[in-house]
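In: Sharing a model prediction with you, sequence too.
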Amino acid sequence: MEYRKLGRTDLNVSSIGLGCVTFSRESDEATSFAIMDHAVEQGINLFDTAEAYNKGGSETVVGNWIKASGKRDKIVLATKLIPPLTTARVPEAVEASLRRLQTDVIDLYQIHAFDKNTPLEETLEALGKLVQAGKVRYLGCSNFAAWQLCKALWKAELHGWPRLESVQPNYNLAIRNIEAEMLPLCADQAIGVISYSPLGAGFLTGKYSKSWTAPPGTRFDRIPDHWEIYENATSMARMEKLRAKAQETGISMIHLALAWVIGQPNITSVLVGSRDISQIDQAFTAEQMGLAPELRAEFNSW
């Protein structure tokens with residue numbers, strides 16, 4: 001397992017991170033515990049959850065595992081808070097997360113989505129107080145546009161508040177819009193990038209076709225909103241090219257897609273969501289396999 005420095009922090013995170021969104025939703029507590037145990041055994045140290053995941057259920061499961069396993073010191077614990085991000089709500093949100101996670105400090109506290117209804121200064125000041133109080137070590141964001149992150153960096157520097165040290169975007173072979181502005185900004189400002197959905201919520205696994213129908217039981221069948229992200233000609237063309245390349249090379253679409261994103265420049269860690277241990281092992285196999293330079297160049301050109 002490779003470990004990479006997250007932004008300008010003193011956190012070194014595994015190149016593969018554990019996305020905990022399935023915990024208490026698709027994965028019961030016993031299965032979730034087994035997944036977390038296996039992840040740590042294999043060298044994963046970044047665990048990412050959120051107050052929004054099953055209304056706090058994911059944080060609760062992670063917290064129960066922390067208490068039962070005694071492995072809090074083995075992980076970099078990251079969670080997220082959703083809007084509204086007001087002076088009143090931010091401290092209430094962190095206290096609730098700390099209780100569910102059964103810990104006294106969160107290593108990386110991330111804004112889950114930009115709050116257009118609350119002044120950014122108000123949010124950043126409130127989050128800065130959490131760092132000052134020792135409840136949070138570092139701050140980050142998720143699902144921000146490049147201009148929103150840039151504005152937050154500017155405001156933090158202007159007022160002397162702790163800056164956002166990381167961003168968490170959707171990034172995979174089908175969805176690559178962060179390459180235009182976000183990744184150059186992060187490289188310039190030394191911002192860590194923790195990407196999610198390396199398989200496009202299953203879109204890049206070969207389950208889907210040009211008919212735009214979701215097979216029963218798949219992620220897009222259960223959560224139809226995902227079609228809004230991937231139902232476009234560019235994403236479909238990239239998926240079909242990946243299918244053809246898998247047939248040509250004899251390497252599965254899953255391993256090709258994972259190897260591509262894990263090895264992309266300027267990506268600090270790739271979050272892998274898991275309903276069972278085998279899905280974590282897919283990512284390990286892909287990282288160990290790597291991707292030939294000519295294949296990476298070809299994929300990058302799509």
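Out: Looks like it came in fine. Numbers count the residues shown, from 1 in each chain.

In: ok, R100 - how many residues close by?
Out: R100 has 20 neighbouring residues, counting by other CB atoms under 10 Å. From N, CA and C alone the C-beta is placed, and that goes for glycine too.

In: Could I get the full set of strands for the protein?
Out: Using DSSP state E, the strands of the chain run over 3-5, 12-14, 16-19, 46-48, 76-81, 106-111, 136-142, 164-168, 192-195, 269-273.

In: Could you check how far the second one is from the centre of its chain?
Out: Computed by CA atoms, centre = their mean, to the nearest Å, the chain-centroid distance of strand 12-14 equals 13 Å.

In: ok, that strand: who's next to it in the sheet?
Out: strand 3-5 (antiparallel) (DSSP bridges).

In: winner for burial among the strands of the chain?
Out: Most buried of the strands of the chain, by mean neighbour count (mean count of other CB atoms under 10 Å): strand 46-48, with a mean of 28.

In: Report all helices and strands that it contacts.
Out: Using 3 or more CB pairs under 8 Å, 6 or more residues apart in numbering; DSSP states H and E, the elements in contact with strand 46-48 are strand 16-19, strand 76-81, strand 269-273.

In: what's the model's confidence in it, averaged?
Out: Averaged over strand 46-48, pLDDT sits at 98.

In: Give me the residues contacting it.
Out: 13-14, 17-20, 36, 39, 62, 75-80, 168, 194, 196, 269, 271 (CB atoms under 8 Å, 6 or more residues apart in numbering).

In: how far does it sit from the chain's center?
Out: That offset, for strand 46-48, works out to 8 Å (CA atoms, centre = their mean).

In: and if you look at stretch 39-57?
Out: Centre-to-centre, stretch 39-57 and its host chain are 10 Å apart (CA atoms, centre = their mean).

In: Give me the buried stretch members for it, please.
Out: 39-40, 42, 44-54, 56-57 (16 or more other CB atoms under 10 Å).

In: out of those residues, which one sits closest to A126?
Out: Nearest to A126, judged by CB to CB, of the buried residues of stretch 39-57 is E51 at 15.3 Å.

In: Test my guess that that closest one contacts K80.
Out: Yes - E51 lies in contact with K80 (CB atoms under 8 Å); the separation is 6.8 Å.

In: list the residues that contact both of these two?
Out: H112.

In: all helices for the stretch 151-300 of the chain, in order.
Out: Secondary structure of the stretch 151-300 of the chain by DSSP state H, counting those that start in this stretch: the helices cover 182-189, 219-222, 227-230, 233-249, 253-262, 277-289, 293-300.

In: returning to that earlier point: could you export the strands of the chain as TSV, including distance to E125?
Out: Below are the strands of the chain laid out as TSV (distance: least, CB to CB, whole Å):
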stretch	distance to E125
strand 3-5	27
strand 12-14	27
strand 16-19	29
strand 46-48	25
strand 76-81	15
strand 106-111	13
strand 136-142	12
strand 164-168	13
strand 192-195	22
strand 269-273	28
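
In: How many residues are close by the spatially closest residue to T285 that is not a sequence neighbour?
Out: Distances taken as CB to CB, 6 or more residues apart in numbering put H255 closest to T285, at 6.2 Å, once the chain neighbours are dropped. Close neighbours of H255, defined as other CB under 10 Å, add up to 19.

In: and what of L101?
Out: Around L101 there are 27 residues (other CB under 10 Å).

In: likewise the one 3 residues further on?
Out: Neighbourhood size, D104 [other CB under 10 Å]: 9.

In: quick one: the nearest residue to it once chain neighbours are set aside from L77, how far?
Out: Leaving aside its sequence neighbours, D104 sits nearest to L98 (CB to CB, 6+ apart; 6.8 Å). Distance of L98 to L77, given as CB to CB, to the nearest Å: 10 Å.
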